[in-house]
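Asker: just need the structure, nothing else, for what follows:
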Amino acid sequence: MSKNGSFSPVNETVGVDEKFEMINEQLKYCTLEINGIFTNLFELDKFGKLVPIPLTPFRYNVIVTEGGFHLETGEIRTPKVAFTPDFIRRNLTYEQLNTFHGKPFSPTFVVEVDDVENIDSEKFKQLDVKFKESYFDPLTSIQLGWLIDPFTLRSGSTSETKVAMFFVVTVIGVIWMVTTLYQVLRWRYRE
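Answerer: Got it, this is the predicted structure:
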């Protein structure tokens, strides 16, 4: 990014991975609006195309981790929540943990949170394809994936929606607490 805050042109000789990392680095402190959708993060699809990820609207306090995975399919995906077991993480290289240049790997569990409206909506169809063709591709090691839609009123009952939202916030909170507690205990009792 230049001193005046505008984006400088990307050198065409830079590889796709470098462009991807450069764009995401530049967007850490600003947000773009593309066709009326705000974004500050991109994914890389299997064709090498940068796909903007819309910001997920949260109506309650929820802790969200942003991070990307260079999957075995060649795609770079950024689920809202992901879990990689310690026995896998310990065997990853610095490049795998901190860049998209290392050997691809995938988490074991992924969660996407979005307002999909209904199963006939275009957004749901896109997420369905993402799960089927990216996350559950035979090349990946993802074993479980959740699509959580905490915003759509499905049953017509406001109290049921509040219970569903409470459940979603509780599940995400428990995942965060267990992960944090595990990291603290592992650090404290490391050998």
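
Asker: contact partners for residue 111?
Answerer: 79-82, 145-148, 172, 175 (CB atoms under 8 Å, 6 or more residues apart in numbering). C-beta here means a position set from N, CA and C on the backbone, and glycine is covered the same way.

Asker: what is it paired to in the beta sheet?
Answerer: residue 81, residue 146 (DSSP bridges).

Asker: which residues touch the nearest residue to residue 83 once chain neighbours are set aside?
Answerer: Counting by CB to CB, 6 or more residues apart in numbering, residue 83 lies nearest to residue 109, which is 4.1 Å off, once chain neighbours are set aside. Neighbour list for residue 109: 81-83, 142-145 [criterion: CB under 8 Å, 6+ apart].

Asker: so which pair among those is furthest apart in space?
Answerer: 81 and 143 (14.5 Å; CB to CB).

Asker: and the contacts of residue 111, which are buried?
Answerer: Among the contacts of residue 111, the ones that count as buried by 16 or more other CB atoms under 10 Å are 79-82, 145, 148, 172, 175.

Asker: looking at the residues you listed, which is nearest residue 94?
Answerer: residue 82 (18.9 Å).

Asker: ok, how many other residues are close to the closest residue to that closest one other than its chain neighbours?
Answerer: Of all residues not flanking residue 82 in the chain, residue 107 sits nearest, at 4.0 Å (CB to CB, 6+ apart). Close neighbours of residue 107, defined as other CB atoms under 10 Å, add up to 25.

Asker: now the contacts of residue 109 as CSV including pLDDT and distance to residue 22?
Answerer: Shown next, in CSV, are these (pLDDT from 0 to 100; distance: CB to CB, whole Å):
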residue, pLDDT, distance to residue 22
81, 80, 26
82, 80, 23
83, 81, 28
142, 88, 27
143, 87, 33
144, 86, 33
145, 88, 29
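
Asker: can I get those in CSV including distance to residue 97?
Answerer: Converted to CSV, the contacts of residue 109 look like this (distance: CB to CB, whole Å):
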residue, distance to residue 97
81, 18
82, 13
83, 15
142, 18
143, 21
144, 22
145, 22
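
Asker: in this structure, which spans are helices?
Answerer: Along the chain, the stretches classed as helices by DSSP state H are 16-26, 86-89, 94-98, 122-129, 158-188.

Asker: ok so, going back, tabulate the contacts of residue 111 (CSV), appending distance to residue 73.
Answerer: Below are those laid out as CSV (distance: CB to CB, whole Å):
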residue, distance to residue 73
79, 14
80, 19
81, 20
82, 15
145, 14
146, 20
147, 19
148, 23
172, 26
175, 25
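
Asker: and those, which is closest to residue 91?
Answerer: For those, the nearest to residue 91 is residue 82 (16.8 Å; CB to CB).
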